[in-house]
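Novice: Need coordinates for the below:
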Amino acid sequence: MSLLLWASAAQAGAIVFDGFDMTTNFQANLTLAGNLQLIPDSVAADGSAFGDTAISTTSPFTYTFSYSISNGADDYLGGSLGLADGLAFVLQNDTNGPSTSGGNGYAIGYGGITPSLAIALRTWATNDIEIDEDGNLGGSPSQLLTLNGGGNYGVTDTGTITVSYDGVGTLTVTGTDNVAGDPAIDLSTSVNLATLLGPTAYVGFTGGSGSGWSDEEITSFSSMPEPSTALLAIPALLGLAAWRRRRSA
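Specialist: Numbers count the residues shown, from 1 in each chain. Coordinates of the predicted model:
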């Protein structure tokens, strides 16, 4: 597969998706149906979309999104069905801000973005949902849930995921993947997002394909509470200098 294993600034666009002002990068865009399409069903694609306003990492939040991955195929298998390579919900404070994007292929648009935390849905080869940090895919066994029996997906995969953070050190991931027989999504990890990411972070999604591909879309997106520029300005200014000192120590 063709891979870009580092984060980079991307060709950016501007959209409003489910009330969120977002910057789209590379092949991400809105569909005619109003969904956020991370990548089309084409080879060696990657895309990302991040909210223009950073959120506070010291306050509780909950995000819920629904996804649809379909129309898969793979050159290695002579056009056989498969849903490569996957997508991720990402919190990040990369120097490129909302214009960042990672590598394609198994990097699913996330690989190389740092500092970051991701809920990665990998639909080719590994076939799992996992909690990853700093652009490194392949979560620890306690932060990984095998889906579809570990086998490659067929025609379509849909589901809904909720990501919640208590503001001090616990992040939970719950939801449902609609493939028959898949277990309920129920993961958690101990992480201080302010220590990992800094006082603020950009929220969004990434996706990628390699020699196999699929149409990867986010069909709905909501948060509680809603991001607020006014509320975030003060914490960002007060916390940024202190965080930078800790990271450089």
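Novice: low pLDDT regions in the chain?
Specialist: Scanning the chain for pLDDT under 70 picks out 1-11, 72-81, 149-155, 225-249.
Novice: now the helices for it?
Specialist: 193-197, 229-248 (DSSP state H).
Novice: ok, the residue lying closest to Gly47 once chain neighbours are set aside - how many residues close by?
Specialist: Spatially, and ignoring its direct neighbours in sequence, Gly47 is nearest to Ala28 (3.4 Å; CB to CB, 6 or more residues apart in numbering). Yep, even glycine has a C-beta here, placed from its N, CA and C like the rest. The number of residues packed near Ala28 is 33, by other CB atoms under 10 Å.
Novice: Distance check, Ala28 against Val179.
Specialist: Ala28 sits 24 Å away from Val179, taking CB to CB, to the nearest Å as the criterion.
Novice: Confirm for me that the residue nearest to Gly47 is in contact with Pro40.
Specialist: No. Ala28 lies out of contact with Pro40 (CB atoms under 8 Å); the separation is 9.7 Å.
Novice: Show which residues not belonging to stretch 57-66 make contact with it.
Specialist: Residues outside stretch 57-66 that contact it (CB atoms under 8 Å, 6 or more residues apart in numbering) are 55, 89, 91, 158-167, 193-194, 196-201, 203, 205, 218-225, 235, 239.
Novice: then it to PDB, C-alphas only?
Specialist: Provided in PDB are the C-alpha atoms of stretch 57-66 (Å, rounded to 0.1, in the frame of the first residue of the first chain):
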ATOM      1  CA  THR A  57      -9.300  19.200  27.800                       C
ATOM      2  CA  THR A  58      -9.900  20.000  31.500                       C
ATOM      3  CA  SER A  59     -13.700  20.000  31.200                       C
ATOM      4  CA  PRO A  60     -16.100  16.900  30.800                       C
ATOM      5  CA  PHE A  61     -17.500  16.200  27.400                       C
ATOM      6  CA  THR A  62     -19.500  13.700  25.400                       C
ATOM      7  CA  TYR A  63     -19.400  13.200  21.700                       C
ATOM      8  CA  THR A  64     -21.700  10.800  19.700                       C
ATOM      9  CA  PHE A  65     -21.300  10.000  16.100                       C
ATOM     10  CA  SER A  66     -22.700   7.500  13.600                       C
END
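Novice: No further queries at this time; thank you.
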